[in-house]
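Student: below are the sequence and a predicted model; questions follow.
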Amino acid sequence: MIGQSVSVAWVTATEFIRSLPAYFEPAVREAVIRDWRAFPLPDPGPRRVVQEGVGWLCRAQDLSASADGGFARHYGLTDGWATSYPETTGYIIPTLLASDDPVLHARARRALDWLAAIQMDDGAFQGGVINDPNKTQVVFNTGQVLLGFAAGLRCFRKREYEEAMGRAAEWLVTHQHTDGSWRRFEGPYAPPGPKTYHMHVAWGLLEAARVSSREEWADAALANVRWALGHQMHNGWFKLCSLLHESRPLTHTLGYALRGVIEAWRYSGEVPFLAAAKRTADGLIQSLGSDGLLPGRLTANWRPASRWACLTGTAQIAECWLLLHDATGELRYRDAALVANRYVRKTIRMDGNPDLRGAVQGSFPVWGEYNRFQFPNWACKFTVDANRREIELLAKTSPDRSSQS
């Protein structure tokens, strides 16, 4: 059952004051006033959100400050368009290829060619944006780019993509610890040590195995998921699942972990994976307000640890709930996903400034902790994916309603 509503998310006075200098920027003031006074906006429906979201992703590619074929990390209210971000460019590619639009396929190919050109000599991919001064190999980023190469190889059958995918997969397998975890190459923006959200890296290996029949890559992926499940609590919460605050992870990283477990089940059919995914999904439902608000950070007993929403995490988890509804037929997953998707949709601008139209802000309200005053490309990507999944559900259950959404 969906939990009690906690209404519109706000932040503490301390958080508000900490970001006060930015309020002198007119664009920031406008966004703050909008979130303070105007929420919720009318629900534009999933089809409109997908259309505008894909349009914004295209602009993120065209307007990236590095102009290289990758996708700008974000549009910022204080700093404009950022340079390209290899990690998220990797998993935006499958979102573009999920369409049958040849223009989007051409964009995906341009991004793939860029990623192949910047791959490190050992097969890994760097952390951070393309012009980051700390260019080091990172396990997580490499796994996300792997998702793009697997999708690109499936679509285009280009030898260069197969070679790049193979080198990245082999690098991940080579540096995997014997217990299935990854303990090195975490990068400069996360604390050292293994992470349970690396199950999203395992998903990259599973996709590479699907397209290449390299079962040793799948074996490595499933070993990682089994290791991570050793750190799952009885109520579904994951330890070692945070970038910074171990006791209160973001819904974003919890969403990465949940998707990894689901994909392990979809690949292997092993019932314990599905049971584990349901435990986490059920715990997250406890945290969901009746209005669709999912607090951006959660404690080990699924209690709110923030007064703002991480819209990225909400969208990721909504898609996971829809996948579980499809797998189990259980209505609580469908109902939670629809409410969560609607909440995110009501925060999105559907007209006006093209830099913002269709974009999804990091936090709601916009001054929340996660990517404050920014519209990250991955927030838009996950929102598009979750709403496409909702459209598919509606098409199965109510064709007339789907065509009008």
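Tutor: Sure thing, it's come through.
Student: OK, contacts around the closest residue to Asp385 other than its chain neighbours?
Tutor: Spatial nearest neighbour of Asp385, excluding adjacent residues (CB to CB, 6 or more residues apart in numbering): Glu319 at 5.5 Å. Just so you know, the C-beta spots here come from the backbone N, C-alpha and C atoms, and that holds for glycine as well. Contacts for Glu319 were tallied using CB atoms under 8 Å, 6 or more residues apart in numbering; they are Arg259, Ala337, Phe382, Asp385, Ala386, Arg389.
Student: try 10 Å this time
Tutor: Counting by CB atoms under 10 Å, 6 or more residues apart in numbering, Glu319 touches 255, 258-259, 262, 337, 340-341, 382-390.
Student: is it in a helix, a strand, or coil?
Tutor: When classified by DSSP: H, G, I helix; E, B strand; the rest coil, Glu319 comes out as helix.
Student: and if you look at Glu369?
Tutor: Of the three states, Glu369 takes coil under three-state DSSP.
Student: how many neighbours does Ala38 have?
Tutor: If you count neighbours by other CB atoms under 10 Å, Ala38 ends up with 10.
Student: oh, and call the first residue 58 from now on, that's how I've got it
Tutor: Got it, first residue is 58 now, which makes that one Ala95.
Student: where does the stretch 358-462 of the chain dip in pLDDT?
Tutor: Filtered on pLDDT under 70, the stretch 358-462 of the chain yields the residue ranges 456-462.
Student: related to what we said a few turns ago, any idea how far the residue nearest to Asp442 lies from Cys298?
Tutor: Distance, Glu376 to Cys298, using CB to CB, to the nearest Å: 18 Å.
Student: over to Ala95?
Tutor: Taking CB to CB, one finds Ala95 at 33 Å from Cys298.
Student: and for Glu87?
Tutor: 35 Å.
Student: which of the two has more neighbours?
Tutor: Higher neighbour count among Glu87 and Cys298: Cys298, with 25 against 14, using other CB under 10 Å.
Student: check which helix or strand covers that one.
Tutor: Per DSSP states H and E: Cys298 is located in neither a helix nor a strand.
Student: in the protein, where's the longest helix?
Tutor: Ranked by residue count, the top helix of the chain under DSSP state H comes out as helix 434-454.
Student: what about the protein, any weak spots by pLDDT?
Tutor: Checking the chain against pLDDT under 70 turns up 58-81, 456-462.
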